[in-house]
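[1] Below is the sequence, then the predicted model.
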Amino acid sequence: QVQLVESGGGLVQPGGSLRLSCAASGTIFSINAMGWYRQAPGKQRELVAEITSSGRINYADSVKGRFTISRDNDKNTAFLQMASLKPEDTAVYYCDADVRSSGYSSSYYKYWGQGTQVTVAS
């Protein structure tokens, strides 16, 4: 089994910054993409940013220039540095990872964290 644990959420004023972390643990042979999604009340979950094991990155247009995704492959951890936060960034942020658990299988499975609340308000 694989577990993803997010941390770093909280309450921040508009214009402020937060850094989210997502640590993967368990039976892990390799991880391909890791990503951050968010879901605001009454809205669908949306992709915020994703990063592959080779470092290829994709951002949602709404966060380009404000958010930075990174990862530490040795520690199976992904980060989301969020700056210039806006009230519309308020949401539960989820981490996901495409994990290969065995060297005998080439299959990757997607796992999700439990989410961490980010609230941007004055």
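    Noted; the coordinates are in hand.
[2] can you pull up the bridge partners for residue 34?
    According to DSSP bridges, the partner residues bridging residue 34 are residue 51, residue 97.
[3] which residues touch the nearest residue in space to residue 26 that is not next to it in sequence?
    Taking C-beta to C-beta, 6 or more residues apart in numbering as the measure, residue 26 lies nearest to residue 2, with 4.0 Å between them; neighbours along the chain are not counted. Every residue, glycine included, has its C-beta placed from N, CA and C. With contacts taken as C-beta atoms under 8 Å, 6 or more residues apart in numbering, residue 2 has the following neighbours: 24, 25, 26, 27, 28, 97, 99, 101, 109, 111.
[4] do that again at 7 Å, thanks
    Applying C-beta atoms under 7 Å, 6 or more residues apart in numbering, one finds that residue 2 lies in contact with 24, 26, 27, 28, 99, 101, 111.
[5] so which of those residues comes closest to residue 122?
    When the contacts of residue 2 are compared for distance to residue 122 (C-beta to C-beta), residue 24 comes out closest, at 34.4 Å.
[6] Quick check: the closest one vs residue 79, distance?
    When C-beta to C-beta, to the nearest Å is the yardstick, residue 24 and residue 79 sit 12 Å from each other.
[7] Name the residue in these two with the higher neighbour count.
    Between residue 24 and residue 79, counted using other C-beta atoms under 10 Å, the more crowded position is residue 24 (22 against 18).
[8] quick one: low-confidence ranges for the protein?
    Applying pLDDT under 70 to the chain flags no residue at all.
[9] what bridges to the residue lying closest to residue 77 once chain neighbours are set aside?
    The spatial neighbour of residue 77 that comes closest, neighbours along the chain excluded (C-beta to C-beta, 6+ apart), is residue 23 at 4.8 Å. Per DSSP bridges, residues listed as beta-bridge partners of residue 23: residue 5, residue 77.
[10] Assess the claim that residue 23 and residue 6 are in contact.
    No: with contacts counted by C-beta atoms under 7 Å, residue 23 stays clear of residue 6, the gap being 8.2 Å.
[11] quick one, which of these two is more surrounded?
    Just comparing residue 23 and residue 6: by other C-beta under 10 Å the higher neighbour count belongs to residue 6, 22 against 16.
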